[in-house]
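Asker: have a look at this fold, sequence not included:
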């Protein structure tokens, strides 16, 4: 497995989703993972160190794990099936390691709080793009959406 | 403490919040608690038994607690400070009971999944309203907001 970290979090309010951009430690390649808006906010909130009035659900999750004497050792994004990524949270501490199935979004939101590494299976890293390629394809997609929204406006006026 | 259950979940998309309506088991009085949209959706999703494609964060929280050999015994909404309610999750199972501080929304979203009782401190139950009083005050508030939104529209046109 390849160690990765969260390079950036984007929000696509048109589709109501967030994009978590993962990259290897040398930042050679990037892999975007589409997640829910709430999960994207939770990841970004912790990364940017925004002070929160009250702990969010992922803070509670970390508190409960640690209160029970366990710790989050690492998280692994290990597979993709029909465009859906699958991950697991590896818990350790007093007992032997336990693997818990999780959406990648929850696993990453927990990892940024537990300050533990995130790993990506090699066959998934192979699908990752060069950073420049991803950026130009994202710009193209946003531009396409922008043109579509303009066309819709024109249709409404017509 | 008084045992309560979730009577209903409302959504106020204008303010971007949800309202969880708690009631005692005889449904004499109701207490509305304002929560985030995500948490309200998570509570309603489980109550209505909507099939979900993938487990949400509160499902993961329950899975992790149970995987570690613990169980959610009950949740308690025990205080209010400056219009903010405070709750705790009571974990039991193999070890002695442990109390974990939580927002009421997370505690309730977990309780509906763990099928455990929710308790409300007596001094909070005293502040609860009769069901009919609450419904008429809610209608009044929605009507007031509706009038305000009409006025804003008029101002925009002027």
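Answerer: That came through, no problem. Computed from a prediction, not measured in an experiment: that's the story for all the values here.
Asker: excluding chain neighbours, what is closest to residue A:70?
Answerer: residue A:93 (4.1 Å; C-beta to C-beta, 6 or more residues apart in numbering or on different chains). The way it works is simple: take the backbone N, C-alpha and C, and place the C-beta from them, glycine included.
Asker: got the contact list for the one you found?
Answerer: Contacts here follow C-beta atoms under 8 Å, 6 or more residues apart in numbering or on different chains; on that basis residue A:93 touches A:69, A:70, A:71.
Asker: show me which of those residues are buried.
Answerer: residue A:70 (16 or more other C-beta atoms under 10 Å in any protein chain shown).
Asker: so who does residue A:83 touch?
Answerer: Contacts for residue A:83 (C-beta under 8 Å, 6+ apart) come out as none.
Asker: how about the residue in chain A that chain B sits nearest to, secondary structure?
Answerer: Residue of chain A nearest chain B, by C-beta to the nearest C-beta: residue A:38 (4.3 Å). Following DSSP: H, G, I helix; E, B strand; the rest coil, residue A:38 is assigned to helix.
Asker: burial measure for it, as a count.
Answerer: If you count neighbours by other C-beta atoms under 10 Å in any protein chain shown, residue A:38 ends up with 22.
Asker: how far away is the spatially closest residue to it that is not a sequence neighbour from residue B:54?
Answerer: With sequence-adjacent residues excluded and distances taken as C-beta to C-beta, 6+ apart, residue A:38 is closest to residue B:38, at 4.3 Å. Using C-beta to C-beta, to the nearest Å, residue B:38 is found at 15 Å from residue B:54.
Asker: next one: residue A:133
Answerer: Between residue A:133 and residue B:54 the distance is 29 Å, computed by C-beta to C-beta.
Asker: for the helix ranked longest in chain A, buried residues please.
Answerer: Assignment by DSSP state H gives helix A:131-157 as the longest helix of chain A. Buried residues in helix A:131-157, defined by neighbour count with 16+ other C-beta under 10 Å: A:134, A:138.
Asker: check the offset of it from the chain's centre.
Answerer: 23 Å (C-alpha atoms, centre = their mean, to the nearest Å).
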